[in-house]
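Chemist: Kindly return the folded structure for what I paste below:
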Amino acid sequence: MAKVELKQPVVEEIKGYVGQAKAAVLVDYRGLTVAQDTELRKKLRDAGVVYKVYKNTMLNFAFKGTEFEALANDLNGPTAVAFGLEDATVPARVILECTKTMPKLEFKAGVVEGTYYDTRSSYFQITWKLTVTYYKLCSCTQADR
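Modeler: Residues are numbered from 1 along each chain as shown. Take a look at the predicted model:
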């Protein structure tokens, strides 16, 4: 895909999602098995989330001049993007849920309703720690039964 004519439709597709999205979450999917990737895609699709893998340069072009432009610094290495078109919190919630059974799935960054979050964001760290603690407590409680 060296020619601009071939790349432009892909950038326009991404811009279409960007224009409708209330949230975008970037993840590193390296190390997922085919079965795990299929399960992740199904859960996201069932939740009304658009999940795609694009070249980082294409995402960068599409994000320019939008509220998602802050994600440009996180576009390195293998990257998949999850667009929340109806509910801004759904992509992050589904991805977080999937990380319980898919430890190789890693959150890179996201923009939710115009606010940028990455793994260094205090909001993300607090939410993540609470969720992990909750799941640990649930698994301990179930193990005691």
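
Chemist: Find me the pLDDT at the spatially most central residue of the chain, would you?
Modeler: Centroid-nearest residue in the chain: V25, 3.0 Å away (criterion: C-alpha atoms, centre = their mean). According to the prediction, V25 has pLDDT 93.

Chemist: Now it: closest residue in space, sequence neighbours ignored.
Modeler: Counting by C-beta to C-beta, 6 or more residues apart in numbering, G110 is the residue found nearest to V25 once chain neighbours are left out, at 3.9 Å. Quick note: C-beta positions are derived from backbone N, CA and C, even for glycine.

Chemist: that's a strand at that neighbour, yeah?
Modeler: Yes. Assignment of G110 by DSSP: H, G, I helix; E, B strand; the rest coil places it within a strand.

Chemist: which ones are touching it?
Modeler: 23-26, 71, 91-92, 116-118 (C-beta atoms under 8 Å, 6 or more residues apart in numbering).

Chemist: Helix or strand: which one has the residue nearest to the centre of the chain?
Modeler: strand 23-28 (DSSP states H and E).

Chemist: how about the strands in this structure?
Modeler: Across the chain, reading from the start of the chain, the strands by DSSP state E fall at 23-28, 49-53, 80-84, 106-112, 115-118.

Chemist: Average pLDDT for the third one, rounded please.
Modeler: In other words, strand 80-84. For strand 80-84, the mean confidence score works out to 96.

Chemist: Who does that strand pair with, and is each partner parallel or antiparallel?
Modeler: The pairing partners recorded for strand 80-84 under DSSP bridges are strand 23-28 (antiparallel), strand 49-53 (antiparallel).

Chemist: Return the most buried member of those.
Modeler: strand 23-28 (a mean of 24; mean count of other C-beta atoms under 10 Å).

Chemist: now the angle between strand 106-112 and that strand, please.
Modeler: Using axes from the mean of the first three to the mean of the last three C-alpha atoms, to 10 degrees, the inter-axis angle of strand 23-28 relative to strand 106-112 is 170 degrees.
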